[in-house]
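# here's a sequence, model it:
(one chain, ligands or ions: 1)
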Amino acid sequence: MLLTLFESHTHFFLSMFQKMILTKIISNTLSLHKKQLIEWLPAVRYFSSPTNPLVNVDVNDKSGIAVVTMNRKPVNGLSLELFEAMSKALDDLENNRIRGAILTSSCPTVFSAGLDLNELYQPDKKRFKAFWTTFQDVWLKLYGSSFPTAAAINGHAPAGGCFLAISCEYRVMCPDYKIGLNETRLGIIAPIFLRASMRNTVSNREAEKALTLGTLYSTEDALKIGLIDEIAIYKVKAIERCENFLAQFNNVSSIARSFTKRSLRQKDLEELENCREEDFNIFWSNLIEPSVQKQIGDYMQSLKKK
Ligand SMILES: CCCCCCCCCCCCC/C=C/C(=O)SCCNC(=O)CCNC(=O)[C@H](O)C(C)(C)COP(=O)(O)OP(=O)(O)OC[C@H]1O[C@@H](n2cnc3c(N)ncnc32)[C@H](O)[C@@H]1OP(=O)(O)O
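From the prediction side, this is the model:
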């Protein structure tokens, strides 16, 4: 009650001095740590950032909702540089206390083609370590964000592309595309954090079927199993539907919402936090197997031959 009152009266700009006074009063009342309270203050400053050419962040000053657009042509292959740009963007959004984020793509028919296969083929250990660690960071930041998230899936979203979408809380997809975790079809075992996102999205039974078969679903079938929440005819509409979803939180205490989300996802986040090095080692040793390298090379060739 007190927190809701506090939030609803702090949507205007607060000077640092006002912040300190408010923090002090509430800190005394609730016996909470001062730093935590400052972190909880609602959004006071939004930004439209030119940031990085690989990830464009555009924040609507009125709604406080950020549209985060991946921009790595032709297929938003998830490279180290793209992950770094996403990681930085997620930090900026968290620090600026936006009211919600929508993840989408600037590629006309692809949301993301998943991990950039060039990162997996004949990898350099040092770069792959940075790549994998940043991949983990992005998941921890996106899946565990304090702000609500949605994905406007305006194209194909296989493997890592689907993983980004299911790390968000809501998904709107355009028709006639494919989405799914097809890792097993490529001979890859989906990592721990990818499995967690899938289980959090569809039923355990559907997750098991989808992951073991490596199914790529059509937009319509993805809706049937709950892998996506809505279908929208084109990108602008998909973003609009995501905005509608995020706007529902305007009437909900942001503190209560964010703590509830965190508590529901905490176990999954901790599971990865506790085994990041081991997770890397498992994938590295799998990746450098000559048979796996051959499989990746052949697969890349087959994509080029198309
Ligand atoms: C393969 C075995 C790997 C074993 C590894 C074990 C290690 C453990 C790793 C753990 C991984 C964890 C989970 C995540 C995994 C992944 O994400 S792996 C990547 C899987 N991705 C895919 O299978 C998608 C492949 N791409 C496509 O199916 C299609 O490209 C598309 C997305 C449906 C788009 O089709 P279309 O619009 O027709 O474009 P294309 O002509 O096919 O592609 C355009 C160019 O882009 C290149 N390309 C496509 N995808 C990738 C990619 N993922 N990485 C790098 N490059 C990609 C494609 O070759 C084309 O290039 P050019 O011919 O030079 O233009």
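# so which bits of the stretch 151-300 of the chain are right by the ligand?
The stretch 151-300 of the chain comes close to the ligand at residues 156, 158-160, 182-183, 186-188, 190-191, 194, 283, 286-287, 292, 295-296, 299, as judged by CB under 6 Å from any ligand atom. No exception for glycine: its C-beta is placed from N, CA and C like everyone else's.
# what subset of those is buried?
In terms of neighbour count (16 or more other CB atoms under 10 Å), the buried residues within those are 156, 158-160, 182-183, 186, 188, 190-191, 194, 283, 287, 292, 295-296, 299.
# contacts only, for the residue of the chain found nearest the ligand.
Of all residues in the chain, residue 114 sits closest to the ligand, at 2.6 Å by CB to the nearest ligand atom. When contacts are counted by CB atoms under 8 Å, 6 or more residues apart in numbering, residue 114 is found next to 77-78, 158-163.
# try 6 Å
Shown here is residue 114, whose contacts under the criterion CB atoms under 6 Å, 6 or more residues apart in numbering are 158-161.
# which two among those residues are spaced furthest apart?
Taking CB to CB as the measure, the contacts of residue 114 reach their widest spread between 158 and 160, a distance of 7.9 Å.
# the nearest residue to residue 288 once chain neighbours are set aside and residue 80, how far apart?
Computed as CB to CB, 6 or more residues apart in numbering, the closest residue to residue 288 that is not its neighbour in sequence is residue 123, at 7.3 Å. With distances defined as CB to CB, to the nearest Å, the gap from residue 123 to residue 80 amounts to 11 Å.
# now swap in residue 65 and tell me
For residue 65, the distance to residue 80 equals 28 Å [CB to CB].
# on that earlier part again, quick one: which of the residues of the stretch 151-300 of the chain next to the ligand sit in helices?
Restricting these to those inside helices, with DSSP state H as the criterion, leaves 160, 194, 283, 286-287, 292, 295-296, 299.
# minimum pLDDT in the residues you listed, which residue is that?
In terms of pLDDT, residue 194 ranks lowest among these, with 80.
# identify the residues contacting it.
Going by CB under 6 Å, 6+ apart, residue 194 touches residue 163.
# same thing but at 8 Å, please
Counting by CB under 8 Å, 6+ apart, residue 194 has contacts 139, 163, 181, 183.
# most neighbours of all those residues, which one?
Neighbour counts for the contacts of residue 194 were taken using other CB atoms under 10 Å; the highest belongs to residue 181, which has 30 neighbours.
# so it touches residue 163, yeah?
Yes - contact status for residue 181 versus residue 163: in contact at 6.9 Å, counting by CB atoms under 8 Å.
# what's the helix or strand containing residue 258 packed up against?
Assigned by DSSP states H and E, residue 258 belongs to helix 254-273. Using 3 or more CB pairs under 8 Å, 6 or more residues apart in numbering; DSSP states H and E as the contact definition, the elements that helix 254-273 packs against are helix 2-8, helix 125-143, helix 192-201.
# near the ligand at all, the second one?
No - with CB under 6 Å from any ligand atom as the threshold, helix 125-143 lies outside contact range of the ligand, at a closest distance of 8.0 Å.
# tell me the angle of the helix or strand just after that helix relative to helix 125-143?
On the C-terminal side of helix 125-143, the closest following helix or strand by DSSP H and E is strand 149-153. Following axes from the mean of the first three to the mean of the last three CA atoms, to 10 degrees, one obtains 110 degrees for the angle between strand 149-153 and helix 125-143.
# who does strand 149-153 pair up with?
With DSSP bridges as the test, strand 149-153 is paired with strand 100-105 (parallel), strand 170-173 (parallel).
# any chance of those in JSON lines, with mean neighbour count too?
Putting the strands paired with strand 149-153 into JSON lines (neighbours: other CB atoms under 10 Å) gives the following:
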{"stretch": "strand 100-105", "mean neighbour count": "26"}
{"stretch": "strand 170-173", "mean neighbour count": "26"}
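# could I get these as TSV with distance to residue 147 and mean pLDDT?
Output for the strands paired with strand 149-153, formatted as TSV (distance: least, CB to CB, whole Å; pLDDT from 0 to 100):
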stretch	distance to residue 147	mean pLDDT
strand 100-105	6	98
strand 170-173	13	98
